[in-house]
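Student: sequence and predicted structure are below.
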Amino acid sequence: MNRYTLLKVLCFIFSALFAISFLVTAKAATQFAHYVIGTIIFLAPSILLLKFGLWASKKEKYKNLERDPDYYSKKAALKEAKAIEKINKIKTGTDTQYKNTNPPETNTKKTQEKEMNKSYNPKFHRTKEEEELDFNFFYKHKDELEKFENLINSFLDSDLIEDTVKSIQAFDNLEKFCSSKGKGGKIYFEDMWLNCHNSHNACFSYRDGIIDNLYNLCEYCVELPTANLFDYLYFESLKINDLKNLLRENNLKLSGKKSELIDRLIENKINPIVDSETRNNLNIKEKIIRKNLDYINHNKELINSFLDEDLI
């Protein structure tokens, strides 16, 4: 309990006591002067203490958010999780408060097997002790955790394969760091990253999401033609009707998939007419792709180890 919490509680208690004292005094007052004195002695301090208590409550909220930006969202999630757990207990008949002597009609053998096969996210089944270990670990190591988080999320704003690989490595390093700090670190990593704090899917993995991004980037880059890459990227950005218009202007065959139309234009050395803005954007994209291809060529073994297959 921080000092603002204590101050808030004391202010509200004494404010209530002063208010009760004023009501008693006002009821017993026989003269207007007694009423005025009661107002000055009891009601005014009660109002001041109430206002001071509200100020302390506001400061308490800011203090909690400063200590942990997700403090109130965690409390809400915890409350929701407990409600879900309660509902699940009632549904499965494990809650003694709602348990009937006769099993519900839906509690058939088939239903029981279905419930057994259903997977629940472990973050919704934490004990109060485990939640406290989680919170204490986060508060103690929040600076280090923030650095890991920035590294892990770096791939979100980047199309570079190198950044995605660094994100995966940071994720694995975070897991090692958390595991080395005891049970609290392990619980924090499982709930916040392994199962993801805002996911209701017990099989969810944030790492798998980064791996999928790596796979898609690699697959896209290795399938591109290294020769005439700029022309290919430009034609790729056009709609099929625009591609057919170019083919028609050059008396070329119009049938086929989009990739075939692009290949036909490149094979016949049809030079695209590109405005300066589009050219600049395509030059940036080409530079990123060539950088990705160069990274792939020098780090094939590392990338394949993450993908669990020889994609490249």
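Tutor: Good, I have the coordinates.
Student: how many other residues sit next to E130?
Tutor: Using other Cβ atoms under 10 Å, E130 has 17 neighbouring residues. Using the backbone N, CA and C atoms, a C-beta is placed for each residue, glycine as well.
Student: just K51 next, same as before
Tutor: K51: 12 neighbours (other Cβ under 10 Å).
Student: I'd like the average pLDDT over the helix or strand encompassing it.
Tutor: Element membership for K51 (DSSP states H and E) is helix 44-67. Mean pLDDT, computed over helix 44-67, is 68.
Student: next: stretch 242-257.
Tutor: In this model, stretch 242-257 has a mean pLDDT of 90.
Student: check which residues of stretch 16-31 are buried.
Tutor: 18-19, 21-22, 25 (16 or more other Cβ atoms under 10 Å).
Student: lowest-confidence entry in those?
Tutor: Model confidence across these bottoms out at F22, which has 69.
Student: after the least confident helix or strand in the chain by mean pLDDT, which helix or strand is next?
Tutor: Across the helices and strands of the chain, the lowest-confidence element by mean pLDDT, DSSP states H and E is helix 109-117, at a mean of 44. With elements assigned by DSSP H and E, the helix or strand that comes after helix 109-117 is helix 128-140.
Student: show me which residues of that next one are buried.
Tutor: So for helix 128-140, counting by 16+ other Cβ under 10 Å, buried means 130-131, 133-135, 137-138.
Student: same check on stretch 260-276?
Tutor: For stretch 260-276, the neighbour count (16+ other Cβ under 10 Å) marks 261-262, 264-266, 270, 272, 274 as buried.
Student: need the max-distance pair from these.
Tutor: R264 and V274 (18.8 Å; Cβ to Cβ).
Student: where does the stretch 101-250 of the chain dip in pLDDT?
Tutor: Scanning the stretch 101-250 of the chain for pLDDT under 70 picks out 101-124, 196-204.
Student: before we move on, back to that, looking at the buried residues of stretch 16-31, which is nearest L156?
Tutor: A19 (53.4 Å).
Student: check which helix or strand covers that closest one.
Tutor: With DSSP H and E as criterion, A19 is part of helix 3-28.
Student: now N280
Tutor: Secondary structure (DSSP H and E) places N280 in helix 276-298.
Student: CA-only coordinates of that helix in PDB, if you can.
Tutor: This file holds the C-alpha atoms of helix 276-298, laid out as PDB (Å, rounded to 0.1, in the frame of the first residue of the first chain):
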ATOM      1  CA  SER A 276       9.500  10.200 -60.200                       C
ATOM      2  CA  GLU A 277       7.500   9.500 -57.000                       C
ATOM      3  CA  THR A 278       6.800   5.900 -58.000                       C
ATOM      4  CA  ARG A 279      10.400   5.400 -59.200                       C
ATOM      5  CA  ASN A 280      11.700   6.600 -55.800                       C
ATOM      6  CA  ASN A 281       9.300   4.200 -53.900                       C
ATOM      7  CA  LEU A 282      10.300   1.300 -56.100                       C
ATOM      8  CA  ASN A 283      14.000   2.100 -55.800                       C
ATOM      9  CA  ILE A 284      13.600   1.900 -52.000                       C
ATOM     10  CA  LYS A 285      11.700  -1.400 -52.300                       C
ATOM     11  CA  GLU A 286      14.300  -2.900 -54.600                       C
ATOM     12  CA  LYS A 287      17.100  -1.800 -52.200                       C
ATOM     13  CA  ILE A 288      15.300  -3.600 -49.300                       C
ATOM     14  CA  ILE A 289      14.800  -6.800 -51.400                       C
ATOM     15  CA  ARG A 290      18.400  -6.900 -52.500                       C
ATOM     16  CA  LYS A 291      19.500  -6.400 -49.000                       C
ATOM     17  CA  ASN A 292      17.300  -9.200 -47.900                       C
ATOM     18  CA  LEU A 293      18.600 -11.500 -50.600                       C
ATOM     19  CA  ASP A 294      22.200 -10.700 -49.600                       C
ATOM     20  CA  TYR A 295      21.300 -11.500 -45.900                       C
ATOM     21  CA  ILE A 296      19.700 -14.800 -47.000                       C
ATOM     22  CA  ASN A 297      22.800 -15.800 -48.900                       C
ATOM     23  CA  HIS A 298      25.100 -15.200 -45.900                       C
END
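Student: show me what it is packed against.
Tutor: Where contact means 3 or more Cβ pairs under 8 Å, 6 or more residues apart in numbering; DSSP states H and E, helix 276-298 is packed against helix 161-179, helix 206-222, helix 229-237.
Student: so who does the residue nearest to F235 when sequence neighbours are not counted touch?
Tutor: Leaving aside its chain neighbours, F235 sits nearest to I262 (4.4 Å; criterion: Cβ to Cβ, 6 or more residues apart in numbering). Neighbour list for I262: 232, 235-236, 243 [criterion: Cβ atoms under 8 Å, 6 or more residues apart in numbering].
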